[in-house]
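> requesting a structural model of the entry that follows:
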Amino acid sequence: MHSFSGPSFTKSQGGLGRTGVSDEGYMGLLCGAVAVSGFELGTVYKVDSLAYAEDTLGLTASYDANNHLLLHHHIERFFEYAPNGTLFIMGVSRSVTFENMCDLANDYLKKLLRSDVHGRKLKCVGILRNAIVGYGHAYDNGVDADVQAAALKADLLCKDLFDDKIYVDNIVFETRLEPGEPIADAASWRDIGTEYCSALVAQDPVIAALDSAYAGYAEVGSFLGMVAVRKVSECVGSVAIENKPSAWLGVESYPLTRISREWWLTASLTNGTAYSALSNAQKTALDSKGYIYAGVYEGYDGVYFSDSHTAASVTSDYAYIEDNRVWNKAARIARAALLPNMKGNVEVDATTGNLLSTWVTYLKNKGEKALSVMALANELSGNPVLTIPVEQDVLAQNGITMSIQYVRNGILRTLTGTIGAVKKIS
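Numbering: from 1, shown residues only. Take a look at the predicted model:
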């Protein structure tokens with residue numbers, strides 16, 4: 001600087017909180033399929049628009065009709081609800097069972113989740129069987145036995161990935177309910193005991209009626225789209241969403257229904273039972289057993305998903321998909337923020353060997369600042385708190401321990417009150 005430089009300033013960075021392209025909308029689709037020119041089985045494809053799926057991969061409406069399966073359909077639904085989402089698709093032989101798709105020993109779900117195509121950043125995966133016409137589904141207590149077995153395999157796989165610091169938000173299965181079997185007698189999905197898996201039993205009856213092969217299908221594409229468009233703290237069953245696509249700005253709700261396209265004008269279960277035919281007891285049973293279905297609020301337009309159940313106990317901290325999404329995002333952020341300090345020098349108190357308080361403050365501030373973006377995005381209630389006890393012998397332990405605590409946003413699953421006449425308003 002020379003004598004006449006005057007005051008000097010530099011540009012700060014990051015104050016506006018702008019971010020690059022988010023991977024929050026990264027969803028996966030693992031499905032039985034048929035290879036065509038441009039689309040090979042066993043290969044992971046990144047699909048960022050319906051046009052790409054049609055023009056590049058050859059996954060058109062005719063592809064579905066000619067092969068008596070639903071793949072283009074699910075892609076189309078996904079991008080309708082999450083136009084800014086990204087779908088990573090992997091097709092497998094239609095003879096591969098759900099259980100085999102999820103087995104840690106096989107390169108199906110494991111390959112999709114570990115793929116370098118998305119940098120191991122998939123958040124949720126939907127799994128479809130798309131079995132050949134005439135395939136007989138076996139049921140256990142009124143629910144597809146293959147799906148129940150697959151959930152246990154998926155749980156082991158997700159735990160294995162967790163050990164490798166790959167955090168999976170959710171695996172949602174196309175789940176068939178046995179036609180004619182009472183819902184009250186159906187197996188409880190929550191008894192499976194895994195926070196990673198969800199059972200979707202919702203279908204658009206118009207699609208189910210198009211082909212006998214579609215009779216027991218579930219709307220996985222719609223479900224993935226509705227997850228992708230939401231923030232991690234939002235329930236997939238919410239009537240409105242916080243960040244609507246541009247075409248829906250100014251509209252109070254965000255339903256599955258698209259009247260002009262005749263989508264989701266009504267809803268049914270995968271056993272063919274119309275939502276309108278369900279009794280209150282049957283709806284309560286579906287909810288208490290942890291199945292995700294679709295229906296309507298009396299007197300309010302549109303079809304919506306019921307909730308975001310996982311296969312964990314309702315008393316679990318991870319009984320709902322958003323519970324997992326919030327924890328996983330916090331873990332990813334904290335890990336990325338603190339990773340540069342790994343294998344680095346840490347000063348200790350020369351008299352005690354304990355961690356210096358200045359290092360506690362440094363690491364605490366670094367972690368909390370990184371995690372504060374979730375509070376700013378209203379994905380948490382208030383800022384998370386990172387705690388590091390000073391009384392730690394770093395030299396003996398070769399490391400330190402810490403805790404991170406946050407307060408989840410509540411989900412308004414019930415709203416009760418009274419309405420009545422009074423003599424005057426006090």
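
> please count neighbours and contacts with C-alpha atoms only from this point.
Fine.

> check which helices and strands the helix or strand where A370 lies sits against.
Using DSSP states H and E, the element containing A370 is helix 357-376. Counting contacts by 3 or more C-alpha pairs under 8 Å, 6 or more residues apart in numbering; DSSP states H and E, helix 357-376 packs against helix 321-338, strand 385-387.

> what's in contact with it?
The contact list for helix 357-376 (C-alpha atoms under 8 Å, 6 or more residues apart in numbering) reads 330, 333-334, 337-338, 346-347, 380-390.

> can you check stretch 63-82 too?
25, 31, 33-34, 49-50, 53-54, 59-61, 85, 87, 130-133, 211, 213-214, 219-226, 228-229, 245, 256.

> now restrict the residues you listed to buried residues only.
25, 31, 33-34, 49-50, 53-54, 59-60, 85, 87, 130-132, 213-214, 219-226, 228-229, 256 (16 or more other C-alpha atoms under 10 Å).

> export the helices and strands packed on helix 357-376 to CSV and append columns for distance to D144, mean neighbour count and mean pLDDT.
Below are the helices and strands packed on helix 357-376 laid out as CSV (distance: least, C-alpha to C-alpha, whole Å; neighbours: other C-alpha atoms under 10 Å; pLDDT from 0 to 100):
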stretch, distance to D144, mean neighbour count, mean pLDDT
helix 321-338, 22, 19, 93
strand 385-387, 43, 18, 91
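
> in helices, which of the contacts of stretch 63-82 fall?
Under the assignment DSSP state H, the contacts of stretch 63-82 contribute 50, 53-54, 61, 220-226, 228 to helices.

> in the residues you listed, find the pair that's most separated.
A61 and A228 (23.0 Å; C-alpha to C-alpha).

> coming back round to it: just the ones in helices among the contacts of stretch 63-82 now: which is nearest L269?
For the ones in helices among the contacts of stretch 63-82, the residue nearest L269 by C-alpha to C-alpha is V220; the value is 12.8 Å.

> quick one, grab the pLDDT at that closest one.
Here the pLDDT value assigned to V220 is 98.

> what's the spacing between A337 and T358?
For A337, the distance to T358 equals 18 Å [C-alpha to C-alpha, to the nearest Å].

> state the distance from the nearest residue to R94 once chain neighbours are set aside to L356.
Distances taken as C-alpha to C-alpha, 6 or more residues apart in numbering place G32 nearest to R94, at 4.3 Å, with adjacent residues excluded. Note on G32: its distance to L356, by C-alpha to C-alpha, is 56 Å.

> ok, these two, which is more surrounded?
G32 (25 against 18; other C-alpha atoms under 10 Å).

> who's in contact with that one?
Applying C-alpha under 8 Å, 6+ apart, the residues near G32 are 91-96, 128-131.

> ends of stretch 418-426, what's the gap?
16 Å.

> swap in stretch 304-323?
20 Å.

> what residues sit buried inside it?
304-314, 318-323.

> for stretch 60-76, same thing?
Applying 16+ other C-alpha under 10 Å to stretch 60-76 flags 60, 63-64, 68-76 as buried.

> quick one: low-confidence ranges for this structure?
Across the chain, the ranges flagged by pLDDT under 70 are 1-21.

> helices of that one, residue ranges please.
Using DSSP H, helices in the chain cover 50-55, 61-67, 72-81, 98-102, 109-114, 145-163, 205-208, 220-228, 280-289, 321-338, 357-376, 394-397.

> among those helices, which is nearest T418?
Evaluated over the helices of the chain, closeness to T418 peaks at helix 280-289, with 20.7 Å, by C-alpha to C-alpha.

> elements contacting that closest one?
Under the contact rule (3+ C-alpha pairs under 8 Å, 6+ apart), helix 280-289 is packed against no helix or strand.
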